[in-house]
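Engineer: sequence isn't available, so here's the structure alone:
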């Protein structure tokens, strides 16, 4: 039995691979709308769609724990914190013409170069790697928990302190605005 017959190639995608590409394209579209819209609240809501699409991608890769962490932490907490900060700082709700700095061509060039570099690095790193989705579950809760609590405890704790500082900063900024309005 040769290797080409054992693993289907790009010419015979499975349903999971097709769903992965379609959800990836939808997620990419939501991410593009997130950074191009001129309404801050709409950008936050499109960010929810993009982060939800990533959670679906994790589910398609059989990493259920990471998918639910994505939903609970990023969609449930970070975006709510972002919207809470927008409300506390009294950011404009409607169209915001000052949200565009006029650097779109430079930003687009940097984004294209960064995306090309990222794709090149990932393709180069995983060129010969084949993920066997029917084999042992590498995205299981046990394996993920062992990795997180063995190597990544300090970065997660640092992130929680950073998010708390962002929340306190938003409250302080809103209080300063109240004092200035009272004068």
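Structural biologist: Received, thanks. Computed from a predicted model, the values in this text were never measured in an experiment.
Engineer: quick one: low-confidence ranges for the chain?
Structural biologist: 1-11, 90-100, 131-140, 176-183 (pLDDT under 70).
Engineer: spatially central residue in it, please.
Structural biologist: residue 51 (4.6 Å; C-alpha atoms, centre = their mean).
Engineer: on contacts alone, who are the packing partners of the helix or strand hosting residue 41?
Structural biologist: Using DSSP states H and E, residue 41 sits within helix 40-60. When contacts are defined as 3 or more C-beta pairs under 8 Å, 6 or more residues apart in numbering; DSSP states H and E, helix 40-60 packs onto helix 15-36, helix 64-69, helix 79-88. C-beta coordinates here come from the backbone N, C-alpha and C atoms, glycine included.
Engineer: could you list the buried residues of that helix?
Structural biologist: 40-41, 43-60 (16 or more other C-beta atoms under 10 Å).
Engineer: re the thing from before, these two touch, right, the residue nearest to the centre of the chain and residue 74?
Structural biologist: Yes. Using C-beta atoms under 8 Å, residue 51 is in contact with residue 74, at 4.7 Å.
Engineer: and residue 104, which of the helices and strands packed on helix 40-60 is closest to it?
Structural biologist: Nearest to residue 104 among those is helix 15-36; the distance by C-beta to C-beta comes to 8.8 Å.
Engineer: give me the angle between that closest one and helix 40-60.
Structural biologist: 160 degrees (axes from the mean of the first three to the mean of the last three C-alpha atoms, to 10 degrees).
Engineer: and residue 42, how far is that from residue 113?
Structural biologist: 27 Å (C-beta to C-beta, to the nearest Å).
Engineer: again with residue 66
Structural biologist: 29 Å.
Engineer: same thing with residue 69?
Structural biologist: Taking C-beta to C-beta, one finds residue 69 at 31 Å from residue 113.
Engineer: more neighbours: those two, which one.
Structural biologist: residue 69 (15 against 10; other C-beta atoms under 10 Å).
Engineer: tell me who's in contact with residue 170.
Structural biologist: 84, 85, 88, 89 (C-beta atoms under 8 Å, 6 or more residues apart in numbering).
Engineer: residue 13 now?
Structural biologist: residue 21.
Engineer: what's the neighbour count on residue 63?
Structural biologist: Residue 63 has 21 nearby residues by other C-beta under 10 Å.
Engineer: and the helix ranked longest in the chain, how far from the chain's centre?
Structural biologist: Identified as the longest helix of the chain according to DSSP state H is helix 153-182. Average the C-alpha atoms of helix 153-182, do the same for its chain, and the two points are 22 Å apart (C-alpha atoms, centre = their mean, to the nearest Å).
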